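[1] pasted the sequence and its predicted model underneath.
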Amino acid sequence: MPGYVDDTIAALATPPGTGAVAVLRLSGRNACSIAAAVLRRRGSSGPPALESHRARIAVLIDPASGEAIDEVLVLPMLGPRSFTGEDVVEIHCHGSVLIADRALRALLVAGARGARPGEFTERAFLNGRLDLCQAEAVADLIESSSDAGREAAWHQLEGGLSRAVRGVHDRLVDLRALVEAHLDFPEDDLPPKTDAEIAAGLDAARTELDALAATFAQGRLARDGIRVVLLGKPNVGKSSLLNALLGRERALVSEQPGTTRDYIEEPAAFGPLKVLLCDTAGVRSQAGTVERAGIERTLEVAAAADIVLVVLDRSQPLDQEDASVLAASAGPCRLVVRNKADLPAAWARNEAMLDVSARSGEGLPELAAALRRALPNGPLEPSREPVVVTRARHHEALIACAAGVGQARAALAAQAGLEIVACELQDGVLELERLLGRTDVDDLLERIFRQFCIGK
Ligand code: GDP
């Protein structure tokens, strides 16, 4: 639906701040006339020629006063050969906050409207340049902070998920047509050959959907990273260990027990995946009310962890509080460390525990290696297969579609009536159309695009 909106939007596309260049973006049917109103050919009072996909030097002027603001590079990309599918003009000016600000104001004075977050990508979606999964991939690509996340987002932007989903979608639509063709002749039973064909088609679709949905286990980790939660009573050295693992100061370290009141979360680089290290309020049996709220939060955060890292202090005898931390955290994805290995040990090490010292750095490489191995979905290496499903929204749609297909298959086997088979199939088809953004998208658009940055 080209030209679905009349206004032309403008925004700074580069991060605010000082840099070599700042890029402003204009998109919409008046992009060229607005650009022409704020640009002059060098040494001339006329606007520069705005030819598609041809960069030119021009002078940016204040349209109110005519004052020259900066020398800029102009790059027009006329629709439909542009990111949004509309006429787009990029203006590259010198990267000063003042110039970027004046340039944007000039565009607004000349008739553009300031873009909302994600509005360029939203227009690309509404103009059919991207489907919804690809639009989400744009946001994921911008936000990726690990190679695995970037790779998964790139695969999705390039259409990996969309193609797989469209494949199953088209197959289900064909099957529904086949079922519906026989609805028109109620006196006839489904010929055995057709019945077998539909059953086989449903089984194949189900297998594909299950395989796609199963990639979410790795995909979630690729996009969101692995959450490692440090758990332990106050003063065992959780904050110090977090800083040591990050290689920088982040958590508040204090000699007063119970100072890390809530929790903090920091991304750390552990190879190709993003790892979020969470430091939590110490778990203490006799805590004040503020601390107790923190402790409840701690247990909540720990429950959502991919790996729980229990921290004990080897320089002090183990006590009831350590015992309750160990009891609260028992599970397959747990590592236990004895911190303060630079001090003499007050108790004997259990075989499964690692000795580390946040202070001296002893044992930290071994701990990093153990974290990599402890992942619920295998080692911390990107899988060779491209990860397909990275967002819960996609995963839920695939699961819901698979359920519809399963119901259709069961109804067929039970000879429950072709109407029911067709109806279940239709539910499955709708789930995939929602995933691709072909239907029922109004509420989704707001949620998805407003999480973008402005200028994208
Ligand atoms: P948290 O309450 O568990 O987060 O513990 P902190 O990280 O705040 O540390 C509590 C105290 O233990 C501080 O005085 C740290 O300097 C000290 N500490 C932390 N790690 C070590 C370590 O490996 N060796 C020694 N000797 N002291 C440590």
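    Noted; the coordinates are in hand.
[2] any idea of the mean pLDDT for stretch 33-53?
    Mean pLDDT, computed over stretch 33-53, is 95.
[3] CA-only coordinates of it in PDB, if you can.
    Provided in PDB are the C-alpha atoms of stretch 33-53 (Å, rounded to 0.1, in the frame of the first residue of the first chain):
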ATOM      1  CA  SER A  33      10.700  19.100  -2.100                       C
ATOM      2  CA  ILE A  34      11.500  19.400   1.600                       C
ATOM      3  CA  ALA A  35      15.200  18.600   0.900                       C
ATOM      4  CA  ALA A  36      15.200  21.100  -2.000                       C
ATOM      5  CA  ALA A  37      13.900  23.800   0.400                       C
ATOM      6  CA  VAL A  38      16.900  23.400   2.800                       C
ATOM      7  CA  LEU A  39      19.700  22.800   0.300                       C
ATOM      8  CA  ARG A  40      21.500  24.900  -2.200                       C
ATOM      9  CA  ARG A  41      24.000  24.000  -4.900                       C
ATOM     10  CA  ARG A  42      27.400  25.200  -4.000                       C
ATOM     11  CA  GLY A  43      27.900  28.700  -5.400                       C
ATOM     12  CA  SER A  44      24.300  29.000  -6.500                       C
ATOM     13  CA  SER A  45      21.000  30.000  -5.100                       C
ATOM     14  CA  GLY A  46      19.200  27.000  -6.700                       C
ATOM     15  CA  PRO A  47      18.600  23.600  -5.100                       C
ATOM     16  CA  PRO A  48      20.900  20.700  -6.100                       C
ATOM     17  CA  ALA A  49      19.700  18.100  -8.600                       C
ATOM     18  CA  LEU A  50      18.200  15.200  -6.600                       C
ATOM     19  CA  GLU A  51      18.800  12.100  -8.700                       C
ATOM     20  CA  SER A  52      18.000   8.700  -7.200                       C
ATOM     21  CA  HIS A  53      21.000   6.900  -5.700                       C
END
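[4] report the buried residues of it.
    Going by neighbour count (16 or more other Cβ atoms under 10 Å), the buried part of stretch 33-53 is 34-40, 47-48, 50. Every C-beta, even on glycine, is put in place using the N, C-alpha and C of the backbone.
[5] same check on stretch 403-411?
    403-409, 411.
[6] quick check: which element contains Pro63?
    Counting by DSSP states H and E, no helix or strand carries Pro63.
[7] what's near enough to touch it?
    Counting by Cβ atoms under 8 Å, 6 or more residues apart in numbering, Pro63 touches 37-38, 106, 109-110.
[8] who in the stretch 101-250 of the chain is up against the ligand?
    The stretch 101-250 of the chain comes close to the ligand at residues 232, 234-240, as judged by Cβ under 6 Å from any ligand atom.
[9] so how do I select the buried members of those residues in ChimeraX?
    Selecting the buried subset of those in ChimeraX, with 16+ other Cβ under 10 Å as the burial test, is done by:
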select :232,234,235,236,237,238,239,240
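[10] state the pair within the residues of the stretch 101-250 of the chain next to the ligand that is farthest apart.
    Pairwise distances across these (Cβ to Cβ) peak at 12.2 Å, for the pair Pro234 and Ser240.
[11] OK, now which residue of this protein is nearest to the ligand?
    Gly237 (2.9 Å; Cβ to the nearest ligand atom).
[12] so what's the closest residue to that residue other than its chain neighbours up against?
    Once flanking residues are discounted, Gly237 sits nearest to Asn339: 4.1 Å by Cβ to Cβ, 6 or more residues apart in numbering. For Asn339, the contact set (Cβ under 8 Å, 6+ apart) comprises 236-237, 240-241, 311-314, 356-358.
[13] who wins on neighbours among those?
    Taking other Cβ atoms under 10 Å as the neighbour criterion, Val236 ranks highest of the contacts of Asn339 with 29 neighbours.
[14] is it fair to say it lies in a helix?
    No: Val236: not assigned to a helix; according to DSSP: H, G, I helix; E, B strand; the rest coil it is coil.
[15] please begin residue numbering at 393 from this point
    All right, first residue 393 from here; so that's Val628.
[16] chain neighbours aside, what residue packs nearest to it?
    Nearest one to Val628, counting by Cβ to Cβ, 6+ apart, is Asp705 at 4.2 Å.
[17] now swap in Glu514 and tell me
    Excluding its sequence neighbours, the residue lying closest to Glu514 (Cβ to Cβ, 6+ apart) is Phe841, at 4.4 Å.
[18] give me the most central residue, the protein.
    Centroid-nearest residue in the chain: Asp532, 4.4 Å away (criterion: Cα atoms, centre = their mean).
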